[in-house]
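>>> quick one, what's the 3D model for this:
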Amino acid sequence: MSRWLLATMTTVLFFALVIAVTGFESLFSGLEVIRQPDATPYLGPAMVTGVAIVVFAGTAVGARSGNPAMSGLVCAATAYLVMLGVGSVGYALVHGDAAQLVVFPAGYALGPFVVGTVVIALVVVIAAVLLARHEDRRRQKGGPGFRTGRS
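Sure thing, here's the model as predicted:
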């Protein structure tokens, strides 16, 4: 399987899991994902889209020749920073206050939306890179489904 196809499928799975998990979080806790009433309804999806780009890149790079755990951890750390960065810049632009560049991340740094999304990114990237490593080992051994050139 191509690493680009694997990265695309991983990103789609990431989006599906984030929608499901945040939906259940909101349903069971009764809280909104973004608590500020003056935030645009596109702020949460913009934050998740930023992380999806990180997941796509992390999977594509990790599937090529990466260590699954290291690829997942680097992707999770980058996703955490990107999510808080996109959220703070987006909210500061909507709110029109530069102080929100510091206040927004402080309020959401350990929130269930940010932490849950980062954990999902970590899990899907590790799983995708593990799958790529497994497929590479099977290909090198000439396992089932791979032609070795012998008849």
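>>> give me the helices and strands touching the helix or strand where residue 9 lies, please.
Secondary-structure assignment from DSSP states H and E places residue 9 in helix 3-29. Judged by 3 or more CB pairs under 8 Å, 6 or more residues apart in numbering; DSSP states H and E, helix 3-29 is in contact with helix 43-65, helix 112-141. Glycine gets a C-beta too; all of them are placed from N, C-alpha and C.
>>> angle of that helix against helix 43-65?
With axes from the mean of the first three to the mean of the last three CA atoms, to 10 degrees as the basis, helix 3-29 and helix 43-65 are set at 140 degrees to each other.
>>> now do helix 3-29, average pLDDT.
The average pLDDT for helix 3-29 rounds to 93.
>>> buried residues of it, list them for me.
Residues 3, 6-7, 10-11, 13-15, 17-18, 21-22, 25 are the ones in helix 3-29 that count as buried (16 or more other CB atoms under 10 Å).
>>> ok, back up a step: deepest in the core, which of the helices and strands packed on helix 3-29 is it.
helix 43-65 (a mean of 21; mean count of other CB atoms under 10 Å).
>>> elements contacting that one?
helix 3-29, helix 68-95, helix 112-141.
>>> ok so, going back, of the helices and strands packed on helix 3-29, which is nearest residue 96?
With CB to CB as the criterion, residue 96 lies closest to helix 43-65 of those, at 14.2 Å.
>>> which residues touch that closest one?
Contact with helix 43-65 is made by 3-4, 6-8, 10-11, 14-15, 18, 22, 33-34, 68, 71-72, 74-75, 78-79, 82-83, 85-87, 90-91, 94, 113-114, 117-118, 121, 124-125, 128-129, 132, as judged by CB atoms under 8 Å, 6 or more residues apart in numbering.
>>> who's in contact with residue 98?
By CB under 8 Å, 6+ apart, the contact list for residue 98 reads residue 92.
>>> and the pLDDT at it?
Per-residue pLDDT puts residue 98 at 91.
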